[in-house]
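[1] Could you work out the structure for the sequence below:
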Amino acid sequence: MAKNTHKGLESLGGLVFSTNRDQPLKHDPDDEEVIGPGQQDLRVTLDRKHRKGKVATIVTGFRGPDTALSELGKMLKTRCGVGGSAKDGEIIIQGDHAARVLDMLLKEGFKAKRSGG
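    Numbering: from 1, shown residues only. Coordinates of the predicted model:
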């Protein structure tokens, strides 16, 4: 028996149709105001799950547009000399670089803490 996956209009993410021409139809995360580094509360953790035993450093809690997230991710990956990704409000850096990433974030003016073991 097929499972009903329809969750209602709320699952569409807000306003779907409007006759008001000045009303935006969809929220665009790139239109968000850039929040200053001192107002960001970031968490730096190490993760081994779903990575075949390999370690990754993860930075979560970033608020702001995707472009600012990508720039921060690129800076961290470049300074650590490793690969990774930046999407969905988190930055993934390959390898155990938690201490180095934490130091870099603090020097850039972010409020960052080490989370997890």
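[2] ok, now which ones touch the residue positioned nearest the centre of the chain?
    Most central in the chain under Cα atoms, centre = their mean is G89, positioned 1.5 Å from the mean C-alpha point. The neighbourhood of G89, defined by Cβ atoms under 8 Å, 6 or more residues apart in numbering, consists of 60-63, 69. Placement of C-beta: from N, CA and C, glycine included.
[3] Just give me the closest of the residues you listed to K113.
    G61 (9.3 Å; Cβ to Cβ).
[4] Tell me which of the contacts of G89 fall in helices.
    Here DSSP state H is the test, and these give L69 as lying in helices.
[5] what's the lowest-pLDDT member of the contacts of G89?
    pLDDT across the contacts of G89 is lowest for R63, at 87.
[6] can you count the residues close to the closest residue to that one other than its chain neighbours?
    Sequence neighbours aside, I35 is the residue nearest to R63 in space, at 5.3 Å (criterion: Cβ to Cβ, 6 or more residues apart in numbering). Close neighbours of I35, defined as other Cβ atoms under 10 Å, add up to 13.
[7] so what pLDDT did I35 get?
    For I35, pLDDT reads 72.
[8] Make sure I have this right: it is in a strand.
    No: going by DSSP: H, G, I helix; E, B strand; the rest coil, the assignment for I35 is coil, not a strand.
[9] is it true that it touches P65?
    No: between I35 and P65 there is no contact, the gap being 9.5 Å when judged by Cβ atoms under 8 Å.
[10] All the helices of the protein, in order from the start?
    Going by DSSP H, the chain shows helices at 66-80, 98-107.
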